[in-house]
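A.B. asks: Here you go, sequence then predicted model.
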Amino acid sequence: MYNIGEEELNFLKSLTEAFGPPGFEDEPIGMVKEYVSKYADEIKFDKLGSIAAIKKGEVEKPVVLIAGHCDEVGFIVTNITKEGFIKFHTLGGWFEQVLLAQRVVIKTKKGFVHGVIASKPPHILKPEERSKVVTIDKMFIDVGATSKEEVEKLGVRVGDPIVPWSPFMTSATGKTLFGKAFDDRVGVFVASQVLRTLCEKNISHPNVVVGSATVQEEVGLRGATTIPWIVKPDIAIIVEVDIAGDVPGIQPHEAPSKLGKGPSIITFDATMIPNQRFKEFVIEVAEELKIPYQLSVVARGGTDAGRIHLYMEGRPCVVIGVPTRHIHSHVGILHREDLENTIKLVAELVKRLDSKTVESFTKF
């Protein structure tokens, strides 16, 4: 198994705590650039801001893209009331019930401003109001100000981005990790660690490997639309989170993956059906090396593969997921061993994806 050491864990901590909702990913992208530059032969960017770290192998073809998106679900300021409260809109998908009483941070021209999401106090709600879910239009962010002028002096403006405030930590069990933005900084982390492994262990690979952190996935897979035109992949592995279904109230057919049982191989999602030969190849490699894995489905939702597999005349893609509880909330939970096994599986796939193998996936 690939082991995540203290240095790697610190990078994951920094990466997940970084501020980077869709359209505002400069901080995590900068971290990725600094980290992977040591392991890549070349760094490229598309004009939306997605980064590609290129590691040359024994030959120039095929080009194997390993992609994760670096944006996180967040919000954007839409109005400041005269009393000094901030109204907001979502960037990415949120469920209203996870928002109230949660702390957030707003990035302004003067720096960061902390606040809390609030609504009308329950003590004064009418009985019929108490039984209803509070919707986002009824919420506001309280930064502790008493007027619009005070908020404006802090530098807050319409259009400023907002993300959850949620420090990264290891759980009391020592086996699981807590944090925000696991969707999908863990995919970016896996791609970076595969590059690091290839470089530091001087592993030969019959291809060119490209580790990418894409932007604006949560608002429409936008970076995934543009980055292939920069790197021109022949095949792609998209690393994402998978919805862990091992919590009360979820049936196995709704979300089959569980924490600690290995990476998920996504057999279907709403934006892509994987190349079946490639999917079977991934399963065979996992079984050959005794890497635990799970077969999963995501009936609603998709990943960057939804765009990358449509590049030019089409490209074989698979999605490998790290099972994660409570995605699109302030605190996700994942299992350290699942993350380590995902890195190992992706690295082993790279070692085997030569031209003949890649071509075999699309021979009809």
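C.D. replies: Sure, I can see it.

A.B. asks: Backbone dihedrals for the residue nearest to Glu254 when sequence neighbours are not counted, please?
C.D. replies: Spatial nearest neighbour of Glu254, chain neighbours left out: Gly245 (6.1 Å); criterion: CB to CB, 6 or more residues apart in numbering. The way it works is simple: take the backbone N, C-alpha and C, and place the C-beta from them, glycine included. Note on Gly245: its backbone torsions stand at phi -100, psi 20 [degrees, to the nearest 10].

A.B. asks: pLDDT at Gly245, what is it?
C.D. replies: Looking at Gly245, its pLDDT stands at 93.

A.B. asks: you'd agree it is up against Lys261?
C.D. replies: No. At 10.9 Å, Gly245 and Lys261 do not qualify as touching, with contact defined as CB atoms under 8 Å.

A.B. asks: if you average pLDDT over stretch 210-226, what comes out?
C.D. replies: For stretch 210-226, the per-residue pLDDT averages 97.

A.B. asks: which one is Phe45 nearest to, not counting chain neighbours?
C.D. replies: Ile51 (5.7 Å).

A.B. asks: Provide a list of residues in contact with the residue nearest to Val134 when sequence neighbours are not counted.
C.D. replies: Leaving aside its chain neighbours, Val134 sits nearest to Ser119 (4.9 Å; criterion: CB to CB, 6+ apart). Going by CB atoms under 8 Å, 6 or more residues apart in numbering, Ser119 touches Leu100, Val134, Lys138, Met139, Phe140.

A.B. asks: For the third one, which residues are in contact?
C.D. replies: Right, the one you point to is Lys138. Neighbour list for Lys138: Ser119, Lys120 [criterion: CB under 8 Å, 6+ apart].

A.B. asks: how near is it to Val241?
C.D. replies: 29 Å (CB to CB, to the nearest Å).

A.B. asks: remind me, longest helix of the protein?
C.D. replies: If each helix of the chain is counted by residues according to DSSP state H, the longest one is helix 182-200.

A.B. asks: Tell me which residues of that one come out buried.
C.D. replies: 182-198 (16 or more other CB atoms under 10 Å).

A.B. asks: I'd like the distance between Ser50 and Lys180.
C.D. replies: Ser50 is 21 Å from Lys180, where distance means CB to CB.

A.B. asks: Repeat that for Lys33.
C.D. replies: 21 Å.

A.B. asks: circling back: who is the residue nearest to Phe45 paired with across the strands?
C.D. replies: Beta-bridge partners of Ile51, counted by DSSP bridges, are Phe45, Ala213.

A.B. asks: Repeat that for the one 4 residues further on.
C.D. replies: Legend: beta-bridge partners of Lys55 under DSSP bridges are Val209.

A.B. asks: ok, it - how many residues close by?
C.D. replies: 23 (other CB atoms under 10 Å).

A.B. asks: go on, Gly74?
C.D. replies: Residues contacting Gly74 under the criterion other CB under 10 Å number 27.

A.B. asks: got it, and Val156?
C.D. replies: By the measure other CB under 10 Å, the count of residues near Val156 is 26.

A.B. asks: Kindly report the same for Asn3.
C.D. replies: 10.

A.B. asks: So it lies in a helix, does it not?
C.D. replies: No. Asn3: not assigned to a helix; according to DSSP: H, G, I helix; E, B strand; the rest coil it is coil.

A.B. asks: Helix, strand or coil: sort out the residue lying closest to it once chain neighbours are set aside for me.
C.D. replies: Nearest residue to Asn3, sequence neighbours excluded (CB to CB, 6+ apart): Glu340, at 6.3 Å. Using three-state DSSP, the secondary structure recorded for Glu340 is helix.

A.B. asks: Can we start the residue count at 34 from this point?
C.D. replies: Okay, residue one is now 34; in that scheme the one you just asked about reads as Glu373.
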